[in-house]
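Peer 1: Predicted model follows, preceded by the sequence.
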Amino acid sequence: MNHVRVTELADRGLAIDARDWPLAPWFALILAVLGAPLTVWSVIEGQLIEGGGGLVLCAFAGLCAVLGLKHRRRVEILPARGEGEVTRVRSREGIGPFRREFEHALKSGATARVLPFERPAGAPELSDRGADLVVEQDGLRVHVARCVGAGWDELETVRARIAAVLP
């Protein structure tokens, strides 16, 4: 499953589109298609049990829609174009009306790292536990992507492309 898509920008920059829950919008659609008619039918027929089931399906559809919309991001890494300029990282953070854009300047020494999720004490070692892809420099950490499950090794490929652009 492709959680992360990287596209090249005109000025040698990169645009990284990441989705933490890539299947959530599809689950939302399926649950809404099943739950809405069931709820309407149960109201018309006066069937309370089926109505409750329809509302539960609609509630899960709403949850999946929120996960699909909230947990995605677009990060642009724009390299320095000339002498005296710095590499910039631009993205958004927050949700809904509180969503705002930010831009950080990166000087030399910035790194892109894949950070595997912590393993709790006593838990078995799992190769598919997942990881975060971050860009770091001097206390600044920009979360680029998160991948949970067996496909998290794709983050290493994206990390290599980002590292080629960083100063």
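Peer 2: Received it, and whenever you're ready, just let me know what you need.

Peer 1: For the protein, which segments count as strands?
Peer 2: Listed in chain order, the strands of the chain (DSSP state E) span 4-8, 14-19, 72-78, 87-93, 100-106, 111-116, 131-137, 140-147.

Peer 1: for these, which one sits closest to Ala160?
Peer 2: Closest to Ala160 of the strands of the chain, according to C-beta to C-beta: strand 111-116, at 8.2 Å. For the C-beta atoms, the positions are set from N, CA and C on the backbone; glycine is no exception.

Peer 1: Okay, domains of this structure per the record?
Peer 2: Split into domains by automatic domain parsing, the chain comes to 4-20+72-165, 24-69.

Peer 1: Please state the offset of the last one from the chain centre?
Peer 2: Taking C-alpha atoms, centre = their mean, to the nearest Å, one finds domain 24-69 lying 25 Å from the centre of the chain it belongs to.

Peer 1: what ranges of this structure fall below the confidence cut-off?
Peer 2: Along the chain, segments meeting pLDDT under 70 span 1-2, 84, 95.

Peer 1: Could you rerun that using 50?
Peer 2: Counting by pLDDT under 50, the chain contains low-confidence ranges at 1.

Peer 1: wait, Val135 sits on Val114?
Peer 2: No: using C-beta atoms under 8 Å, Val135 makes no contact with Val114, being 11.2 Å away.

Peer 1: So between these two, which is more surrounded?
Peer 2: The neighbour comparison of Val135 against Val114 (other C-beta atoms under 10 Å) goes to Val135, with 26 against 20.

Peer 1: give the contact list for the spatially closest residue to that one that is not a sequence neighbour.
Peer 2: Spatial nearest neighbour of Val135, chain neighbours left out: Val142 (4.6 Å); criterion: C-beta to C-beta, 6 or more residues apart in numbering. Counting by C-beta atoms under 8 Å, 6 or more residues apart in numbering, Val142 touches 75, 89, 91, 104, 134-136.
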